[in-house]
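K.L.:
have a look; sequence and predicted model below, questions after that.
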Amino acid sequence: MASGGILETPLARELLDEASRLGLQLSDVLAHGDDASLRPTEVAQPALLAVECVLQAELSSGSDVVAVAGHSVGEYAACVAADALPAGDAMRLVVERGRAMAAMRHGTMSAFLGMDAADVMEVCDEARRATGEVVVLANFNAPGQVVVSGTKDGVAAASSLARERGVRRVVPLNVSGAFHSPLMAEAAERFAAALDAIALTDPRVPVVCNVDAEPAYDANTLRERLRRQLTEPVRWDDSVRRMVGLGAESLVELGPGTVLTGLARRISPDVRAVSVGTLDGARGLAAVETTAS
C-alpha cells in the first residue's frame, strides 16, 4: 500500500508512531503486507489515513484547492487537508473508528451494478417489509453503481429481488460488517465519545461531507456530520457534483488505487480526474500546478 518512500517521510513516521502508541503496528503491514493482512477494517482504515495524509502534505504546497472530500474513512484525511484536524488527532480518531466498527461483526454489504439508485432503494424497502431484516442503500458511488448494507438475510433478499428486476451484477463485498447502516449504531455511539474529545477547527476550505453532500464551513457543522457518518449513506456521486459546483476544475484522488478517479469520470465526465498514489506522483503534480498558476 505504501511505496516510493512514503514510510520514510517525517509525517508517516509521526503517524505510525501514534498508531503504535495506541497498540496498532502498521509499519510492517504498510511496507510488506498482503491483501489479507490489510483487509481487517481496524488495520485498513488507519493505514489508508497515513498514506493519504502523506500524499496530501506533498501536494498541498502547489495546489489551489476549492473543496475537499473523502469517501467514508477518507473524510478524515480530507479534514486534515482542510486544516480542520491535525494529522495525529485524525490517526487517534481513525484507530478508534476502525476498532468500533470491527467490533460490530454482523451483517454484510454488496455492490449492485447496472441498476438505478431509486430502483435499488425500492428493492431494499421491499426486502425489509418481506423479511423484517435490516437492508439499506449505503453508498451512492456513481450512476448505476451503489452498495447495500444490512443483515446477511436482508442483503440476500434484496439481492434476489434485484436479480429478478434486471440488475446487471451483484458483487458481495469482503467486509466484516454492515457499514453505513443502522447496524453501526453501537459503533457510532462508542466513536462519538472519541470524536467529542478531539478539538476541530473551522476548515480552511470547505469539506463536502458524505452524509448530505453539502460543504461544511465550520467546526460545529463538520463534527455533527462526522457523528452521523457511520450509520448513514455515503453520497459520493452528489459529493463529486457538489465539488464541481463549487468551482473544482480538476479532481485529484490521493491514495492507493484509482477507484474514485473512475467514479469521478462517470459522475462528471467533463472534469479532469487524476489519481496520485506515490510521493513522486504528488510532487510531480504539485510542480505542474505551481508552474501553471
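P.N.:
It's in.
K.L.:
contacts only, for Val244.
P.N.:
Residues in contact with Val244, defined by Cβ atoms under 8 Å, 6 or more residues apart in numbering, are Leu251, Ser268, Val271. Placement of C-beta: from N, CA and C, glycine included.
K.L.:
quick one: the closest residue to the second one other than its chain neighbours and Pro143, what's the gap?
P.N.:
Read it as Ser268. What sits nearest to Ser268 in space, not counting adjacent residues and going by Cβ to Cβ, 6 or more residues apart in numbering, is Val244, at 5.1 Å. Counting by Cβ to Cβ, to the nearest Å, the gap from Val244 to Pro143 is 15 Å.
K.L.:
how near is the nearest residue in space to Thr131 that is not next to it in sequence to Asp237?
P.N.:
Leaving aside its chain neighbours, Thr131 sits nearest to Ala157 (4.9 Å; criterion: Cβ to Cβ, 6+ apart). According to Cβ to Cβ, Ala157 and Asp237 sit 25 Å apart.
K.L.:
next one: Leu226
P.N.:
The gap separating Leu226 from Asp237 is 20 Å, by Cβ to Cβ.
K.L.:
helices along the protein, start to end?
P.N.:
10-21, 27-32, 35-38, 41-60, 74-81, 87-102, 117-131, 152-164, 185-196, 219-228, 236-245, 259-267, 279-292 (DSSP state H).
K.L.:
partners of the strand ranked longest in the chain in the sheet?
P.N.:
Longest strand in the chain by number of residues (criterion: DSSP state E): strand 135-142. Here strand 135-142 is paired, per DSSP bridges, with strand 145-150 (antiparallel), strand 234-235 (parallel).
K.L.:
most packed of the ones you listed?
P.N.:
Highest mean neighbour count among the strands paired with strand 135-142 (mean count of other Cβ atoms under 10 Å): strand 145-150, with a mean of 27.
K.L.:
residue contacts, the residue nearest to Thr131?
P.N.:
Ala127, Ala130, Thr131, Glu133, Val135.
K.L.:
Val135 now?
P.N.:
The neighbours of Val135, taking Cβ under 8 Å, 6+ apart as the test, are Cys124, Ala127, Arg128, Val148, Ser149, Gly150, Thr151, Gly154, Val155, Ala157, Ala158.
K.L.:
got those as a markdown table, with pLDDT and distance to Ala78 columns?
P.N.:
Listed next are these as a markdown table, based on pLDDT from 0 to 100; distance: Cβ to Cβ, whole Å:
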| residue | pLDDT | distance to Ala78 |
| --- | --- | --- |
| Cys124 | 99 | 28 |
| Ala127 | 99 | 33 |
| Arg128 | 99 | 32 |
| Val148 | 99 | 25 |
| Ser149 | 99 | 22 |
| Gly150 | 99 | 27 |
| Thr151 | 99 | 30 |
| Gly154 | 99 | 30 |
| Val155 | 99 | 28 |
| Ala157 | 99 | 35 |
| Ala158 | 99 | 30 |
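K.L.:
of all these, which two lie farthest apart?
P.N.:
Ser149 and Ala157 (13.3 Å; Cβ to Cβ).
K.L.:
for this structure, which residues score under the pLDDT cut-off?
P.N.:
Scanning the chain with the threshold set as pLDDT under 70 gives 1-4, 61-63, 287-293.
K.L.:
show me it divided up by domain.
P.N.:
The chain breaks down by the TED database into domains covering 6-103+182-287, 108-173.
K.L.:
who's in contact with the closest residue to Val208 other than its chain neighbours?
P.N.:
The shortest distance from Val208 to any non-neighbouring residue, by Cβ to Cβ, 6+ apart, is to Ala69 (4.1 Å). Applying Cβ under 8 Å, 6+ apart to Ala69 gives the contacts Glu75, Ala78, Val207, Val208, Cys209, Asn210, Ser239, Val240, Arg242, Met243.
K.L.:
count the residues that sit near the second one.
P.N.:
Counted with other Cβ atoms under 10 Å, residues neighbouring Ala78 total 26.
K.L.:
quick check: it vs Ile6, distance?
P.N.:
From Ala78 across to Ile6, the span is 18 Å (Cβ to Cβ).
K.L.:
try Ala57
P.N.:
Going from Ala57 to Ile6 by Cβ to Cβ gives 11 Å.
K.L.:
which one of those two has more residues nearby?
P.N.:
For Ala57 versus Ile6, neighbours defined as other Cβ under 10 Å are more numerous around Ile6 (22 against 19).
K.L.:
residues touching Leu59, list them.
P.N.:
Leu59 sits next to Val252, Leu254, Val276, Ala282, Arg283, Leu285, Ala286 when contact means Cβ under 8 Å, 6+ apart.
K.L.:
most neighbours, which of these?
P.N.:
Leu254 (27 neighbours).
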